[in-house]
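Enquirer: coords please:
(one chain, ligands or ions: 1)
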Amino acid sequence: MCGIVGYVGDKESAPILVSGLKKLEYRGYDSAGVAVVSGKQLNVVRAMGKLKNLENRVGQDLPQGTTGIGHTRWATHGRPSDENAHPHTYKNVAVVHNGIIENHLALKEQLRARGHVFSSETDTEVFAHLISEAQEQGKDLPDAVRAAIAQVKGTYALAVVSSADPHRLVCTKNASPMVLGLGEGQNFVASDVPAVLEHTRDFVYMEEGDLAIVSATGVEIFNRQGQKANRSTKRIDWTPMMAEKGGHKHFMHKEIWEQPRAIADTLRGRMLLTEGDVHFEGWNLTPEKVRSLTKVTILACGTSWHSGVAGKHMIESLARLPVEVELASEFRYRDPIVDSTHLAIAISQSGETADTLAAFKEAKGLGATAMAICNVMGSAMTREADISVLTNAGPEIGVASTKAFTTQLVMLYMLAVKLGRLRNTLTVKAAQEHLTHLAEIPKMVEDVLKCEPAVKKVAREFMTAQDFLFLGRGPMHPVALEGALKLKEISYIHAEGYAGGEMKHGPIALIDEKMPVVVIAPKQPHVAYEKIIGNIEEVRARGGKVIAIIDEDDAQAGTLADHVIRIPPASALLAPVVATIPLQLLAYHVAEMRGNDVDQPRNLAKSVTVE
Ligand code: F6R
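Expert: Numbering: from 1, shown residues only. Coordinates of the predicted model:
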């Protein structure tokens, strides 16, 4: 998500920090800042927008100091603005943070009661206040950081400087990456290796709960229990480009593998298991309003439209509210029926897609309540929306959408549970069961990624195919559509996604021994399992080659298909999240084997801001 860099040494730190942030700009780019300590002085420069803005400000008036921290932000709490840019400061403390503090509202409340005044909308600022308070109680910087993290629930990679301790930097991590870069008479911290690769190739990867005290002459690491820890040093031989991709050959591959983390970040702090409810920051729809809704209209394009189709299954099933899923590019060129009893949901990774934005404005203009499900806070759609909920996938660089899709799916599932509770179509117990299933998804996605070698074999066999067919039923229908879209956009192989039941109405004529057919057939009641098995038999009878995506323990379908990819069994409405992963990998490997530019496929742009 966001990027962190820190420096302690004998050089002016600000230029080193800004140049490190440039290497991390792919991790977040809505605002950036640096905090530099010189003697008793803490100098902070921040700027909204691209890093260039910060670079200009730093260039005009260089903040002096040889100890410093910097950050490039991808907003999760608080819109992109100068005030919400990191570093956040309180008195003589400055912090930069990646991750999410789940209990920040409660902590802010307590701090306010003790006289603290906050100057940003972020969760991060809480750290600066807690650390400063602990310092005032007599703790040194490392102990003050320890005291702060003891009060925080959530994830963090955190770097802290203080003018009370000008020659040291303290950093700590919990479920967000942080590395220490070792130099001669200077040391570095960073959320990612590329930030400081031009200065050193020797890195220590911090472990969960570690706290490091970094000075010009060395680093000391302590484990969660406060004991001194020995962590090995690794020499990194990556090129700067490889480093940006975290060692993966392409951003798309990195982003496919990031999905367990991205999904966990999207769920974090939102699932209230004990209450059987979902918490969305900024939720402003009253129970009466939700009960008065007569329809949901989902507006989206491409992959986001596919997640909308899966969302229809979720919302209709859990909240018993009719859902229409509209191609945004078509919506406003007809005469849509929308009124004030409708909820219009725009789904978009970028939040800038011109067709979706225009359709969203149209629906809002016709009286609908406007909700955005978006990956970019501060984007046009979040500004237009009455209510926005953010997928916390982090920046998606590969043109083919991967982690944005699966995080949209879990977001829609949480929304379905929330609407179900408010409309009393779900009991607390039923909601708890749904949330329990949802909580298992990051682990299942981690497990399903292990199918990569099997998928690669299939890719090798079919990389020269001219056409592909993808079949799925019920909630697996949008998965079939998504599998086909992924394949065609990066491999340039013609592919079609179909609802299994539609095959006999036309596409069956295409099937011969040259046609690979991917059948998505997890064993779920909604998926009409027996019927999809029937589809497999129909394909086989005509000589087609079947690649079946089936549950781990499915003995029946395994014997019918030519190739089998096994996935962990998820509940019916959540199976699309898990079943999509092998299809992303299939598209990736076919395209890669054909020598295509995977991250920037021909004719496509990441954000389609024209009609
Ligand atoms: C496919 C893909 C596109 C986008 C579509 C909408 O991999 O990336 O189909 O899904 O252009 O983009 P967003 O979600 O940014 O509105």
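Enquirer: can we go C-alpha only for contacts and neighbour counts from here?
Expert: Will do.
Enquirer: need the contact list for Lys249.
Expert: Met242 (Cα atoms under 8 Å, 6 or more residues apart in numbering).
Enquirer: ok, now Ala363?
Expert: By Cα under 8 Å, 6+ apart, Ala363 lies in contact with Val338, Ala344, Ala370.
Enquirer: Please point out which parts of the helix or strand that contains it sit buried.
Expert: Taking DSSP states H and E as the criterion, Ala363 maps to helix 354-365. Using 16 or more other Cα atoms under 10 Å as the test for burial, helix 354-365 gives Ala354, Asp355, Thr356, Leu357, Ala358, Ala359, Phe360, Lys361, Glu362, Ala363, Lys364.
Enquirer: Of those, which is the nearest to the ligand?
Expert: Distances from the ligand to the buried residues of helix 354-365, taken as Cα to the nearest ligand atom, are shortest for Thr356 (6.6 Å).
Enquirer: What distance do you get for that closest one to Ala344?
Expert: As judged by Cα to Cα, to the nearest Å, Thr356 and Ala344 stand 11 Å apart.
Enquirer: do the same with Val598
Expert: 33 Å.
Enquirer: With neighbour numbers in mind, choose between the two.
Expert: Shown here are Val598 and Ala344; by other Cα atoms under 10 Å, Ala344 has more neighbours (30 against 25).
Enquirer: Wasn't the more buried one part of a strand?
Expert: Yes: checked against DSSP: H, G, I helix; E, B strand; the rest coil, Ala344 lies within a strand.
Enquirer: Close to the ligand: what parts of the protein are there?
Expert: Residues of the chain lying close to the ligand (Cα under 6 Å from any ligand atom) are 301-304, 348-351, 353, 399-401, 486, 607-608.
Enquirer: State the mean pLDDT of the helix holding Ala363.
Expert: For helix 354-365, mean pLDDT is 96.
Enquirer: Would you map the strands across the stretch 301-450 of the chain?
Expert: Remark: strands assigned in the stretch 301-450 of the chain by DSSP state E, counting those that start in this stretch are 323-327, 342-348, 369-374, 387-390.
Enquirer: returning to that earlier point: can you tell me which of the residues of the chain next to the ligand has the most neighbours?
Expert: Among the residues of the chain next to the ligand, Ser348 has the most neighbours (other Cα under 10 Å), with 32 neighbours.
Enquirer: how close does the nearest residue to that one once chain neighbours are set aside get to Ser388?
Expert: Spatially, and ignoring its direct neighbours in sequence, Ser348 is nearest to Cys374 (5.0 Å; Cα to Cα, 6 or more residues apart in numbering). Computed as Cα to Cα, the Cys374 to Ser388 distance reads 7 Å.
Enquirer: So those two - more neighbours on which side?
Expert: Cys374 (28 against 25).
Enquirer: What's opposite the more buried one in the beta bridge?
Expert: Note on Cys374: beta-bridge partners by DSSP bridges are Ser348, Leu390.
Enquirer: isn't it right next to Ala385, touching?
Expert: No: Cys374 is beyond contact range of Ala385, at 10.4 Å (criterion: Cα atoms under 8 Å).
Enquirer: What residue in the stretch 401-550 of the chain comes nearest to the ligand?
Expert: Ser401 (3.9 Å).
Enquirer: got the contact list for the residue nearest to that residue when sequence neighbours are not counted?
Expert: Excluding the flanking residues, the one nearest Ser401 by Cα to Cα, 6+ apart is Thr303, at 6.8 Å. Taking Cα under 8 Å, 6+ apart, we find Thr303 in contact with Ser401, Phe405, Glu482, Leu485.
Enquirer: element containing the third one?
Expert: If you go by DSSP H and E, Glu482 is part of helix 477-491.
Enquirer: Against which helices or strands is that helix packed?
Expert: helix 302-319, strand 467-472, strand 494-499, strand 516-520, helix 575-593 (3 or more Cα pairs under 8 Å, 6 or more residues apart in numbering; DSSP states H and E).
Enquirer: The residue nearest the centre of the chain - nearest residue in space that isn't next to it in sequence?
Expert: Centre of the chain computed as the mean C-alpha position; nearest residue by Cα atoms, centre = their mean is Ala393, 0.9 Å away. Excluding its sequence neighbours, the residue lying closest to Ala393 (Cα to Cα, 6+ apart) is Ala262, at 4.6 Å.
Enquirer: which residues touch that neighbour?
Expert: Asn392, Ala393, Gly394, Lys403, Thr407.
Enquirer: so it sits in a helix?
Expert: Yes: according to three-state DSSP, the state of Ala262 is that of a helix.
Enquirer: Now do it against the ligand, distance only.
Expert: To the ligand, Ala262 is 16 Å away according to Cα to the nearest ligand atom, to the nearest Å.
Enquirer: So what does the residue of the stretch 101-250 of the chain found nearest the ligand have for phi and psi?
Expert: Nearest residue of the stretch 101-250 of the chain to the ligand: His250, at 14.8 Å (Cα to the nearest ligand atom). Main-chain torsions, His250, degrees, to the nearest 10: phi -140, psi 160.
Enquirer: What score does it have for pLDDT?
Expert: His250 is given a pLDDT of 95.
Enquirer: That one: how many residues sit nearby?
Expert: Around His250 there are 21 residues (other Cα under 10 Å).
Enquirer: list the contacts for it?
Expert: By Cα under 8 Å, 6+ apart, the neighbours of His250 are Gly398, Val598, Asp599.
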